[in-house]
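In: No letters, just coordinates:
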């Protein structure tokens, strides 16, 4: 659901921007973010610290819409077996929400936008949510986190495009992968 960024989230965003500066990630040709409040405010904080002038906000980068279950705790939704059900059948749609297949289609649309940017950015900063990031990395690199591992808030996940135009995951939750 579209909830505001917490004070803790603001602190995390500032700390991430400072880590990015320390690691030399200060210049980006293109920055985009989910248009949902948490991600959009995170992007704004980071862009101010890194002095990035423009952010493109895209609904395509939103988290999966859980319809009538939006705003409920994950444990409460899991008790009903909903998450396991939609994870085992990507075509299932939550009442008032969307299917995982619909989300994957949005992610493909986002990747097409990126691939068609002219000129092609040599560096891109994307601020999004765990579910969207999961599918971006799975589509580009076939990466799937180990059981019990998920995308941590305000952690960098770095990819590079190889000369063959394939993608490699360099860091996951700021841990080196290669």
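Out: Yep, that arrived. The structure displayed is predicted, hence computed values, not measured ones.
In: And for residue 65, the neighbour number?
Out: Using other Cβ atoms under 10 Å, residue 65 has 17 neighbouring residues. From N, CA and C alone the C-beta is placed, and that goes for glycine too.
In: In contact with it, which residues?
Out: Shown here is residue 65, whose contacts under the criterion Cβ atoms under 8 Å, 6 or more residues apart in numbering are 94, 96, 97, 98, 103.
In: Per-residue pLDDT of it, please?
Out: pLDDT, residue 65: 94.
In: where does this protein dip in pLDDT?
Out: For the chain, no stretch is flagged by pLDDT under 70.
In: Check the spacing between the residue nearest in space to the middle of the chain and residue 121 real quick.
Out: The centroid of the chain falls nearest to residue 128 when counting by Cα atoms, centre = their mean (2.9 Å). According to Cβ to Cβ, to the nearest Å, residue 128 and residue 121 sit 16 Å apart.
In: coming back round to it: identify the residues contacting the residue nearest to the centre of the chain.
Out: 33, 34, 39, 61, 136.
In: Buried ones among those residues?
Out: Buried members of these, counted by 16 or more other Cβ atoms under 10 Å: 33, 34, 39, 61, 136.
In: related to what we said a few turns ago, filter the contacts of residue 128 down to just the ones in strands.
Out: 33, 34 (DSSP state E).
In: Can I get the contacts of residue 128 in CSV including distance to residue 77?
Out: What follows is the contacts of residue 128, written out as CSV (distance: Cβ to Cβ, whole Å):
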residue, distance to residue 77
33, 25
34, 20
39, 21
61, 22
136, 23
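In: quick one: which of the contacts of residue 128 is nearest residue 113?
Out: Checking those against residue 113 by Cβ to Cβ gives residue 61 as the nearest, at 10.2 Å.
In: Enumerate every residue touching the residue nearest to the closest one when sequence neighbours are not counted.
Out: Of all residues not flanking residue 61 in the chain, residue 34 sits nearest, at 3.9 Å (Cβ to Cβ, 6 or more residues apart in numbering). Contacts for residue 34 (Cβ under 8 Å, 6+ apart) come out as 40, 57, 58, 59, 61, 62, 63, 127, 128, 129, 132.
In: Which strand residues bridge residue 34?
Out: Residues in a beta bridge with residue 34, per DSSP bridges, are residue 58.
In: Would you mind measuring from it to residue 127?
Out: Relative to residue 127, residue 34 is positioned 7 Å away (Cβ to Cβ).
In: Now the common contact residues for these two.
Out: With Cβ under 8 Å, 6+ apart as the test, residue 34 and residue 127 both reach 40, 61.
In: how about the nearest residue to residue 51 once chain neighbours are set aside, what does it touch?
Out: Among residues not flanking residue 51 along the chain, residue 26 sits closest, at 8.0 Å (Cβ to Cβ, 6+ apart). When contacts are counted by Cβ under 8 Å, 6+ apart, residue 26 is found next to 20, 50, 51.
In: Please consider this matter closed, and thank you.
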